[in-house]
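S.K.: attaching a predicted model along with its sequence, questions to come.
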Amino acid sequence: DTEVTQTPKHLVMGMTNKKSLKCEQHMGHRAMYWYKQKAKKPPELMFVYSYEKLSINESVPSRFSPECPNSSLLNLHLHALQPEDSALYLCASSQGNRLAGAAKNIQYFGAGTRLSVL
Amino acid sequence: QKEVEQDPGPLSVPEGAIVSLNCTYSNSAFQYFMWYRQYSRKGPELLMYTYSSGNKEDGRFTAQVDKSSKYISLFIRDSQPSDSATYLCAIGRNQAGTALIFGKGTTLSVSS
């Protein structure tokens, strides 16, 4: 099973709203990622959690706040977003570096949350 | 020079054709090479990955890597309308928690 589950599938929010995106995987992966993808563009990395610790923040505005409550869950909290933040938000996971095996950084993606900010 | 170059297409072929999708990369530090398929408004689906030069086959799909020329390819045999999607190549390091570097994606349309 290589499934990464993201909820909700679609989200419409106003600029003053607070919402959260959720991501879950049960593959025992210990690295989890948030990417943002605009139309007809490749995914762009936002955050990386490695063993539940934030290891990469690609200079993302503070209106995006990631959280990793445990090794299976990843959240992205949204607050005071702008219309230009409308995009497909993708979660991915890969094996951790401490695990045996060669494919440590093969990333499996969820179906994404399509976010529209009005 | 961008780290990964991929012709965005679009590429249109008739059903049953052999499709060749290609990327070049510039940094030889990357050891993993992946192909993802992405249907409209969906997340990328991992098709194949490889970490050595040579060919890797999975059904109608063959991934080819030439590290000496920094060139990666995906061949699709007997293409089907269901193969119509955007194909993204990606390169990565053998270290979890590092970013994949994606090509821009090639949009493929297979007509019946």
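M.R.: Arrived safely, thanks for sending. Residues are numbered from 1 along each chain as shown, chains lettered A, B, ... in the order given.

S.K.: so what's residue 86 up against?
M.R.: Since no chain was named, I'll use chain A. Residue A:86 sits next to A:115-117 when contact means Cβ atoms under 8 Å, 6 or more residues apart in numbering or on different chains. For every residue, glycine as well, the C-beta is placed using N, CA and C.

S.K.: oops, I was thinking of chain B
M.R.: Neighbours of residue B:86 in contact, by Cβ under 8 Å, 6+ apart: B:37-40, B:105-108.

S.K.: weed out the non-buried ones from the contacts of residue A:86.
M.R.: Buried residues within the contacts of residue A:86, counting neighbours by 16 or more other Cβ atoms under 10 Å in any protein chain shown: A:115, A:117.

S.K.: before we move on, the earlier item: which ones, among the contacts of residue B:86, also lie beside chain A?
M.R.: Among these, the ones lying near chain A by Cβ under 8 Å from any Cβ of the partner chain are residue B:105.

S.K.: of the contacts of residue B:86, which belong to strands?
M.R.: The strands, defined by DSSP state E, take in B:37-38, B:106-108 from those.

S.K.: just send those back as a markdown table, with neighbour count too.
M.R.: Output for the ones in strands among the contacts of residue B:86, formatted as a markdown table (neighbours: other Cβ atoms under 10 Å in any protein chain shown):
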| residue | neighbour count |
| --- | --- |
| B:37 | 21 |
| B:38 | 22 |
| B:106 | 21 |
| B:107 | 17 |
| B:108 | 20 |
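
S.K.: what sits up against the least confident helix or strand in chain A by mean pLDDT?
M.R.: Ranking every helix and strand in chain A by mean pLDDT, DSSP states H and E puts strand A:53-57 at the bottom, with a mean of 89. Applying Cβ under 8 Å, 6+ apart, the contact partners of strand A:53-57 are A:45-49, A:66, A:68, B:97-99.

S.K.: for those residues, pick the one with the most neighbours.
M.R.: For those, the largest neighbour count, defined by other Cβ atoms under 10 Å in any protein chain shown, is 24 neighbours, found at residue A:48.

S.K.: bridged to residue B:65, which residues?
M.R.: On the basis of DSSP bridges, residue B:65 is bridged to residue B:54, residue B:72.
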